[in-house]
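**Student:** Kindly return the folded structure for what I paste below:
(2 chains, ligands or ions: 2)
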Amino acid sequence: MTGSPELLAAPTPLAQPIHPVLMKGNEAMAEAAIQAGCDAYFGYPITPQAEILEWMARRMPELGRTFVQAESELGAINMALGAASTGARVLVSSSGPGISLMAEAMSYMAGSELPMVLINVMRGGPGLGSIGPAQSDYFQATKGHGHGDYRVPVLAPASIAEAMALVADAFELAERYRTPVMILADGVIGQMMEPVDPTYRTPPRRSADWALTGADDRPPRAVRSLQLQPEALEAHGRRLQAKFATIAECEVRWAGEQLEDAEIVIVAYGTSARVARTAIERAREDGLRVGLFRPITLWPFPSAALSAVAADRRAILVVEMSSGQMLEDVRLAIDGGFPIFFHGRTGGMVPTPGDVVEAARQAWAATGPDDEPDPLSLIELGERSSVVTR
Amino acid sequence: MTTSTPDSRRRIYTRPQTLVDRSTHFCPGCGHGIIHRVVAEQLDEMHLTPRTVGVASVGCSVFLYDYLAVDVVESPHGRAPAVATGVRRVRPDAFVFTYQGDGDLAAIGTAEIVHAAARGEQISVIFVNNGIYGMTGGQLAPTTPLGERTSSSPTGRDARQAGYPIPITEMLALLPGVAYAARGSIADPAWIGKTKAMLKRAFEAQLAGEGFSIVEILSTCPVGWGLTPVESMEHVARDVVQTYPLGVLKDRPQARTANAPEG
Ligand SMILES: Cc1ncc(C[n+]2csc(CCOP(=O)(O)OP(=O)(O)O)c2C)c(N)n1
Ligand code: SF4
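**Tutor:** Ligands and ions are numbered 1, 2, ... in the order given. This next block holds a predicted model:
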């Protein structure tokens, strides 16, 4: 079977396909959004996520829902802002350069507490970079995008099935906490095809007593982020921070694999985690006990869980398709006193399992009882790995 | 002989229901106050308030939600037409208008206004042209007439340095998606009345599904211009209209289908 539109165009809109189907990541995420009850999609073409836009262009009008190809990512996300302000379930998607343009409205939506799901299918940067897969927007997703003092939940799928489930979860989180939620996928997840047994989910609708539906028999409502009085803005900020604290407490997600006896713990998300999984099998064949800690929420980062998992291990190895961005959160979680190693590929390059096994082996060797690493050194490991302590 | 009793007196001038009873933050002589009132009157007369979603832009009019008793969403600077597109597309029954200054609409938001118009979005745009960036302290706007002094064109707008004023409503009127485009003014009572009629026609265009409608309103910014309120009104009526002639630029009353905008 293929992931072509025809096969997934179920005769009744919300019917569940029965068989496992081969689906392309971008199309699977788009269909998952549709099945999750997405009312409106706004986008602008960019590789490697254009299939989301194309899928929506065909499916949404077919279902009588809203699709607009906007004049830019600025246009797209501001249409999303408008649609979301009426209580609609809204999806937008893009990749690095487009996400940068969307940053402005992300900030407005966080400030005015509007739910929305935004998919970033990451490509290589900075600048126009490349169209190859990357994980170089971690900082942007978890610490950055727009201006101001806010956070946005970030979910990172490592398979197409997981991506589909996370899309539905993202809508639910977005509405529960009245916040934009980002799905941080990469070009591999977006472009690859994988057999999936689609289990779609439509999160229940919440009553939105803030939505702009016309001031008919009720006082007028405003969706706004402007608070000129410092006291008012500080109070609003405190309320937002309390919400972020709740999210950080209740919505952390991660997955562990082969951690029980692991002496080296690889920390990786998305495509890097898939590579790590293969590397772990190979390393174990060689007698190297390696396990995987896979953050699923990048914000909130599973710091407490990682810190607990890391206790009594020999070393941590962070694998990313970046020069070391999640690495900073791993360091914060471990908070010193523990050797952390890093292996990263960038620019559209994907780490190979062989490279990861080698990095794990070197981490092992560098942390032997007779061979304590110099805590202040940054030792090149192989071509692209380096020992990073604290 | 009849005596005048309270019951027999006819009330001819009251606060429109949709205009909230509070004092505004606008400077004395600012055109925004008059325009808010005219918009409120028109919404009342057409019974649109209960189904209206207004889009506030960034500029002196950002507090639209404090003065008009309608649902309002605040847009990032320049993006109001995109925000309005999102609202209108998911709420086809809503009456949707944007209220934008000239910096907002004709500088930072040029792409959004052009493409909303090109798509023929069923929204009405109230475009307040005071030829200046009021909120940030009176800098040059894309609409500032040649020779006008602003805080960022201290010797007057020089085309060689700052280019020419943009007749953006004329430009938009060229687009097939635009059903109605007009330019009014609040410089004198007669034109306030005519401008209100323009708003009526623009709102009707949206209700009839004719396409995008825009009313540009020449307004005043006495503080930014360094003029008194009365001088400001005279300046609009005498000078600004030379750059921006008043009148209806386009009126395409027949309803068109989205796929055949030019019929
Ligand atoms: C992205 C961005 N850039 C700049 C500003 C600052 N700013 C606020 S209002 C404004 C211009 C407003 O001028 P105009 O649209 O003509 O409205 P007026 O205040 O004259 O009514 C600017 C530049 C901003 N809020 N956001
Ligand atoms: S600065 Fe100008 S536009 Fe702004 S409120 Fe004052 S007079 Fe009006």
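
**Student:** In the stretch 151-263 of chain B, what residue spans correspond to strands?
**Tutor:** B:178-185, B:212-218, B:247-251 (DSSP state E, counting those that start in this stretch).

**Student:** Including mean neighbour count, could these go into JSON lines?
**Tutor:** C-beta here means a position set from N, CA and C on the backbone, and glycine is covered the same way. Below are the strands of the stretch 151-263 of chain B laid out as JSON lines (neighbours: other Cβ atoms under 10 Å in any protein chain shown):
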{"stretch": "strand B:178-185", "mean neighbour count": "26"}
{"stretch": "strand B:212-218", "mean neighbour count": "29"}
{"stretch": "strand B:247-251", "mean neighbour count": "16"}
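
**Student:** out of these, which comes closest to A:V152?
**Tutor:** Closest to A:V152 of these, according to Cβ to Cβ: strand B:212-218, at 32.9 Å.

**Student:** is that closest one anywhere near ligand 2?
**Tutor:** No. Strand B:212-218 is not in contact with ligand 2 by Cβ under 6 Å from any ligand atom; minimum separation 12.2 Å.

**Student:** Can you spell out which helices and strands pack onto that strand?
**Tutor:** helix B:110-118, strand B:124-129, helix B:168-173, strand B:178-185, helix B:189-207 (3 or more Cβ pairs under 8 Å, 6 or more residues apart in numbering or on different chains; DSSP states H and E).

**Student:** go with 6 Å
**Tutor:** strand B:124-129, strand B:178-185, helix B:189-207 (3 or more Cβ pairs under 6 Å, 6 or more residues apart in numbering or on different chains; DSSP states H and E).

**Student:** out of these, deepest packed?
**Tutor:** Mean neighbour count (mean count of other Cβ atoms under 10 Å in any protein chain shown) peaks for strand B:124-129 among those, with a mean of 28.

**Student:** Just checking: what are the partner strands of that strand?
**Tutor:** strand B:95-101 (parallel), strand B:212-218 (parallel) (DSSP bridges).

**Student:** Up against ligand 2, what does the stretch 151-263 of chain B have?
**Tutor:** Neighbours of ligand 2 within the stretch 151-263 of chain B, by Cβ under 6 Å from any ligand atom: B:221-224.

**Student:** Let's see that with 5 Å instead.
**Tutor:** For the stretch 151-263 of chain B, the contact set with ligand 2 under Cβ under 5 Å from any ligand atom comprises B:221, B:223-224.

**Student:** now those residues in JSON lines, with neighbour count, distance to A:P203 and pLDDT?
**Tutor:** Output for these, formatted as JSON lines (neighbours: other Cβ atoms under 10 Å in any protein chain shown; distance: Cβ to Cβ, whole Å; pLDDT from 0 to 100):
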{"residue": "B:C221", "neighbour count": "27", "distance to A:P203": "48", "pLDDT": "98"}
{"residue": "B:V223", "neighbour count": "19", "distance to A:P203": "50", "pLDDT": "96"}
{"residue": "B:G224", "neighbour count": "26", "distance to A:P203": "49", "pLDDT": "96"}
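
**Student:** Let me have the residues you listed in TSV, adding distance to ligand 1 as columns.
**Tutor:** Listed next are these as TSV, based on distance: Cβ to the nearest ligand atom, whole Å:
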residue	distance to ligand 1
B:C221	6
B:V223	10
B:G224	7
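
**Student:** Please narrow these to those residing in helices.
**Tutor:** B:223-224 (DSSP state H).

**Student:** which residues in the stretch 1-150 of chain B form helices?
**Tutor:** Here the stretch 1-150 of chain B has its helices, by DSSP state H, counting those that start in this stretch, at B:31-45, B:64-67, B:80-90, B:102-103, B:110-118.

**Student:** Outside of the fourth one itself, list whatever touches it.
**Tutor:** Contacts of helix B:102-103 from elsewhere in the structure, counted by Cβ atoms under 6 Å, 6 or more residues apart in numbering or on different chains, are B:129, B:133, B:141, B:143.

**Student:** Tell me the confidence at the second one?
**Tutor:** It stands for B:Y133. B:Y133 carries a pLDDT value of 97.

**Student:** can you check the one 3 residues further on too?
**Tutor:** Turning to B:T136, the model gives it a pLDDT of 96.

**Student:** Can you tell me how far it is from A:T367?
**Tutor:** The gap separating B:T136 from A:T367 is 57 Å, by Cβ to Cβ, to the nearest Å.

**Student:** higher neighbour count, the two?
**Tutor:** Between B:T136 and A:T367, counted using other Cβ atoms under 10 Å in any protein chain shown, the more crowded position is A:T367 (20 against 14).

**Student:** so what pLDDT did that one get?
**Tutor:** At A:T367, pLDDT is 90.

**Student:** And for the one 4 residues further on?
**Tutor:** Predicted confidence (pLDDT) at A:D371: the value is 47.

**Student:** next one: A:V68
**Tutor:** A:V68 carries a pLDDT score of 98 in this model.

**Student:** Assign it to helix, strand or coil.
**Tutor:** Secondary structure, DSSP: H, G, I helix; E, B strand; the rest coil: A:V68 is strand.

**Student:** Name all residues that make contact with it.
**Tutor:** A:42, A:79.

**Student:** Okay, it and B:H32: tell me how far apart.
**Tutor:** 31 Å.

**Student:** what does B:V62 give?
**Tutor:** When B:V62 is compared with B:H32 (using Cβ to Cβ), they lie 10 Å apart.

**Student:** The two - which one has more neighbours?
**Tutor:** Shown here are B:V62 and B:H32; by other Cβ under 10 Å, B:H32 has more neighbours (27 against 22).

**Student:** Before we move on, what's the pLDDT of B:T195?
**Tutor:** Value for B:T195, per-residue pLDDT: 98.

**Student:** That one touches B:G184, doesn't it?
**Tutor:** Yes. Using Cβ atoms under 6 Å, B:T195 is in contact with B:G184, at 3.0 Å.

**Student:** Which positions in the stretch 1-150 of chain B make contact with chain A?
**Tutor:** B:50-51, B:53, B:65, B:69-74, B:76, B:79, B:82-83, B:85-87, B:89-91, B:111-112, B:115 (Cβ under 6 Å from any Cβ of the partner chain).

**Student:** and the closest residue to chain A within the stretch 1-150 of chain B, how many neighbours?
**Tutor:** Residue nearest to chain A within the stretch 1-150 of chain B: B:G86 (2.8 Å; Cβ to the nearest Cβ). Neighbourhood size, B:G86 [other Cβ under 10 Å]: 34.
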